[in-house]
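Student: 3D, please:
(one chain, ligands or ions: 1)
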Amino acid sequence: MAAPVIRVFSSESQVAENLCELVATKANAAIKDRGIFTIAVSGGSAAKFLCDGLPQVATDWSKWRVFFCDERHVPFSDPECTYSFYKTNLLPKVALSTDHIFPLNPELTVEQAADDYEQKLHRVFTDGGLPRFDVLVLGMGPDGHTCSLFPGHPLLQESKRIAAPISDSPKPPPQRVTLTFPVINNASCAIFASCGAGKADIVQQVLEGQSDDPLPAARVRPTDGEVIWILDQGAASKLKQASYKL
Ligand SMILES: O=C(O)[C@H](O)[C@@H](O)[C@H](O)[C@H](O)COP(=O)(O)O
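Tutor: Predicted coordinates:
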């Protein structure tokens, strides 16, 4: 398990650019090696960064398979739907087929939608084992949550499911489906992008704090992979280790 790699940039636009360059590098390496690139993306500012920057990268979009680290159980027409954000803001600009992006089915109950999502994962990750994503693009909330995995929630201990329903999310909307830690920590590379001084305390706690009960974002430590934090100066401003500074 490698220690987190921390990259600090002077502006949000540089964070976005670096994130997209890194994703493209990982994509093109995976396509060269195995002919396919598997990624799970998030909502929040990471979605905006990816939708703005990925149309500029050179890659074979027909080889991408795009899942969601988590998704809100809302209709596609709801402005809270992360899939619809990507559908509107990325799909018209890149040659990614809608057959290669995997939304949650909002017509089902949240429990059924989680089961259905696990089946979708197994159809792409066909070896029958735990899915091993090439890249996860993650966000972190001000409480240290990532995906729909919240501090103190029993889902932090989930060990059997690869995608799980949640009906009591402390952040609305309450019903969501999320990848679980066994899948997250089986990824080849997990990338966080966090910006703004409002994130400084929680970034410091997650990256430098010691706890017997780590925050969800601090539990992202792929066993055979890397975790990379891409921060702007504001988000990195409370880190104590001098090597993390610009
Ligand atoms: O599902 C959600 O409610 C959001 O997607 C959320 O989990 C988001 O990823 C984080 O709060 C970080 O968001 P920012 O990077 O925009 O702060």
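
Student: what count of nearby residues applies to residue 113?
Tutor: 22 (other C-beta atoms under 10 Å). C-beta: built from backbone N, CA, C; applies to glycine.

Student: check residue 33 too.
Tutor: For residue 33, the neighbour count with other C-beta under 10 Å is 10.

Student: how far does the helix or strand it falls within sit from its chain's centre?
Tutor: Residue 33 belongs to helix 12-34 when assigned by DSSP states H and E. Distance, stretch centre to chain centre, for helix 12-34: 14 Å (C-alpha atoms, centre = their mean, to the nearest Å).

Student: got it, and stretch 74-86?
Tutor: With C-alpha atoms, centre = their mean, you get 16 Å for stretch 74-86.

Student: how far does it stretch from start to finish?
Tutor: 15 Å (C-alpha to C-alpha, to the nearest Å).

Student: re the thing from before, buried residues in the helix holding residue 33, which are they?
Tutor: Residues of helix 12-34 classed as buried by neighbour count (16 or more other C-beta atoms under 10 Å): 12, 14-20, 22-24, 26-28, 30-31.

Student: and what of stretch 135-146?
Tutor: Of the residues in stretch 135-146, 135, 136, 137, 138, 139, 140, 141, 144, 145, 146 count as buried by neighbour count, 16+ other C-beta under 10 Å.

Student: pretty sure residue 240 contacts residue 208?
Tutor: Yes - Residue 240 is within contact range of residue 208, at 5.9 Å (criterion: C-beta atoms under 8 Å).

Student: wait, residue 72 touches residue 176, no?
Tutor: Yes - contact criterion C-beta under 8 Å: residue 72 and residue 176 qualify, at 5.3 Å.

Student: who's more crowded, the two?
Tutor: Ranked by neighbour count (other C-beta under 10 Å), residue 72 and residue 176 place residue 176 first, with 28 against 24.
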